[in-house]
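> I would like to see how this sequence folds:
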Amino acid sequence: MVNIRDLDPSASPLDYCGSELRRLREEAKLKQGELGRIVFCTASLIGQIETARKVPTREFSERVDAALGTGGVFSRLVGLVLRSQLPTWFQPYAEMEAKAAYISTYQAQMVYGLLQTEAYARAVLATGLPDNLDESVAARLERQRILRRERPPMIWVVLDEAALYRPIGGLQVMRNQLTHLLGLRKSRWVQVQVLPFEAGEHASLIGSFNALRFDDDPDLVYTEDLISGHMTANPDTVKEAALRYAHVQAAALSVEDSAALIARVMEERYGHHPAPCERAVA
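Numbers count the residues shown, from 1 in each chain. This next block holds a predicted model:
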């Protein structure tokens, strides 16, 4: 086991969180098991977080804040901790994404990360065979907190119809994911369009991309390849991406027709289909 006294609090947000948890727990004159009982977890989990061997969840952080009377220290820190679990190459984009006032994206293969359910995200992330799948899922869900801010960004998503048909995670996961997309119609800040197969060739056959706009900073374009992401503020690239997105958006179904297509696919492809033993016998 790592000796907590040897941890360098400046090494990472996770190390800092662990050292602060131990310091504040000891100031409160609580043993690991005593704090664990208060926040409904084991002494072992407290020890793992204090030694930076386990990533705290937001729920755990909020409970510790209440138990130790920290004034919200861990609830504020956990966002940094979870973001540090994102791939190193992705972290700069995540930071800019959190600052964006407007996000537009075309997704050719899957549902956009900010709109994924937990089960769908887990299935997607598992394809990369990560050693820390739970932490990766938690980090992706943490990114979605920007949708619940008092002033969330405006998000306009164009999904290729293929993303509706690819059964990521299985039938129930897909049904819940499409249900989630339909539920987003209640939000004025999130709009979803579907680019139908019948559109044929289109302006972004080359693949998915995101465009970020800010109140005070230059626009950015973000793309990914097999192993990393690429972010640029090059004016020519930004202009080209804006032109291509405009064409993709124009070729897509309206928001209302897109919702109708999502609902139809959800029922026809991922609805409850009785097994042979459930069918009536004539």
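
> tell me which element Gly36 falls in.
Using DSSP states H and E, Gly36 sits within helix 32-39.

> how about that helix: buried residues?
Residues of helix 32-39 classed as buried by neighbour count (16 or more other C-beta atoms under 10 Å): Gln32, Leu35, Gly36, Val39. Any C-beta I mention is one placed from the backbone N, CA and C, and that applies to glycine too.

> and that helix, what does it pack against?
Helices and strands touching helix 32-39, by 3 or more C-beta pairs under 8 Å, 6 or more residues apart in numbering; DSSP states H and E, are helix 43-50, helix 58-68.

> out of those helices, which comes closest to Phe74?
helix 58-68 (3.9 Å; C-beta to C-beta).

> where along the stretch 151-282 of the chain do the strands fall?
If DSSP state E, counting those that start in this stretch is used as the criterion, the strands of the stretch 151-282 of the chain fall at 154-160, 190-195, 209-213, 220-224, 229-232.

> starting at the chain centroid, how far to the second one?
It stands for strand 190-195. 18 Å (C-alpha atoms, centre = their mean, to the nearest Å).

> in its sheet, which strands sit next to that strand, and in what direction?
Using DSSP bridges, the strands paired with strand 190-195 are strand 154-160 (parallel).

> starting at the chain centroid, how far to the partner strand?
Distance of strand 154-160 from the chain centroid (C-alpha atoms, centre = their mean) equals 15 Å.

> that older thread, show me which of the buried residues of helix 32-39 is closest to Val111.
Val39 (33.4 Å).

> for that closest one, give me its contacts.
Residues near Val39 by C-beta atoms under 8 Å, 6 or more residues apart in numbering: Phe60, Arg63, Val64, Ala67.

> so for the nearest residue to it once chain neighbours are set aside, what's the pLDDT?
Spatially, and ignoring its direct neighbours in sequence, Val39 is nearest to Arg63 (4.0 Å; C-beta to C-beta, 6 or more residues apart in numbering). Note for Arg63: predicted pLDDT of 97.

> repeat for Asp6
Per-residue confidence (pLDDT) for Asp6: 69.

> tell me where the stretch 1-150 of the chain has strands.
Under DSSP E, counting those that start in this stretch, the stretch 1-150 of the chain gives strands at 102-107.

> circling back to that earlier point, closest one to Ile146 among the helices and strands packed on helix 32-39?
helix 58-68 (14.0 Å).

> which elements pack onto the closest one?
Helices and strands touching helix 58-68, by 3+ C-beta pairs under 8 Å, 6+ apart, are helix 13-27, helix 32-39, helix 73-83.

> closest to Leu182 among the buried residues of helix 32-39?
Using C-beta to C-beta, the buried residues of helix 32-39 come closest to Leu182 at Val39, 36.0 Å.

> measure that closest one to Gln85 for me?
21 Å (C-beta to C-beta, to the nearest Å).
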